[in-house]
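**Student:** Here you go, sequence then predicted model.
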Amino acid sequence: MTHGTFISFEGIDGAGKSTHIARVAELFRQAGRAVVLTREPGGTPLSEKLRELVLHEPMDPLTEALLMFAARREHLVQVIEPALGRGDVVLCDRFTDATFAYQGGGRGFDWQVLGQLERMVQALPDGTLRQPDLTVWFDLDPLIAAERLASARVPDKFESQPAHFFAAVRAGYARRQAEKPSRFARIDAAQSMDAVGAYVSRIVSDWLQRSAA
């Protein structure tokens, strides 16, 4: 039986995640794998409603963190775990690392409390936590990201934050990578789209070869 594969893609808006997720999906489909494309917050009707609240409504940091993890629990139960159980490939535009980066780094929310919520929400029957098998982090200077996003769309409350917020988010991602180095792959997203795409394909291919060994 084919084991499910869970890959998350992280980074601030403007880093180019969406384009490269689609390319990775095509790589797996060409290999005959069923692919589930999803995102956080979101991925189910209920989680998408929570997404709208988190992105657009004012709230205190604890409320924001709780809603993020509530959406994640629903997403895990309804989408991610069933897909992995079928042996599918799950490609997720952000997962828990984003909560540590945005709420922990950007908002300055207690890292240990986020860890407690993570353990509660992502616990598996065998006592381990559901984490991505591979996390691809598109690391980008916030000023470059802002230039790419200028006039692209009406920004949500996170995209409207000042540069120092995104510097703190970036630091949050770096801290998370330092804590979970075995599953993180960092990409310099300031490179050209083609260069980043080639690197993403190589990272995923290399990881698949190692995991099959």
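**Tutor:** Happy to help now that I have it. Residues are numbered from 1 along each chain as shown.
**Student:** I'd like to check what contacts stretch 158-175. Which residues are they?
**Tutor:** Here stretch 158-175 makes contact (C-beta atoms under 8 Å, 6 or more residues apart in numbering) with 10-13, 55, 97, 100-102, 104-106, 108, 137, 139, 141-143, 145-146, 149. For every residue, glycine as well, the C-beta is placed using N, CA and C.
**Student:** residues in contact with the residue nearest the centre of the chain?
**Tutor:** With distances taken as C-alpha atoms, centre = their mean, the residue of the chain nearest its centroid is residue 94 (1.6 Å). Under the criterion of C-beta under 8 Å, 6+ apart, the contact partners of residue 94 comprise 8, 9, 10, 39, 40, 41.
**Student:** buried set for the least confident helix or strand in the chain by mean pLDDT?
**Tutor:** Scoring the helices and strands of the chain by mean pLDDT, DSSP states H and E places helix 142-149 at the bottom, with a mean of 80. Of the residues in helix 142-149, those scored as buried under the neighbour-count criterion (16 or more other C-beta atoms under 10 Å) are 142, 145, 146.
**Student:** Residue 204: which of those residues is nearest?
**Tutor:** Within those, proximity to residue 204 (C-beta to C-beta) peaks at residue 145, which comes in at 22.8 Å.
**Student:** so of the contacts of stretch 158-175, which ones are in helices?
**Tutor:** Judged by DSSP state H, the subset of the contacts of stretch 158-175 located in helices is 55, 97, 142, 143, 145, 146, 149.
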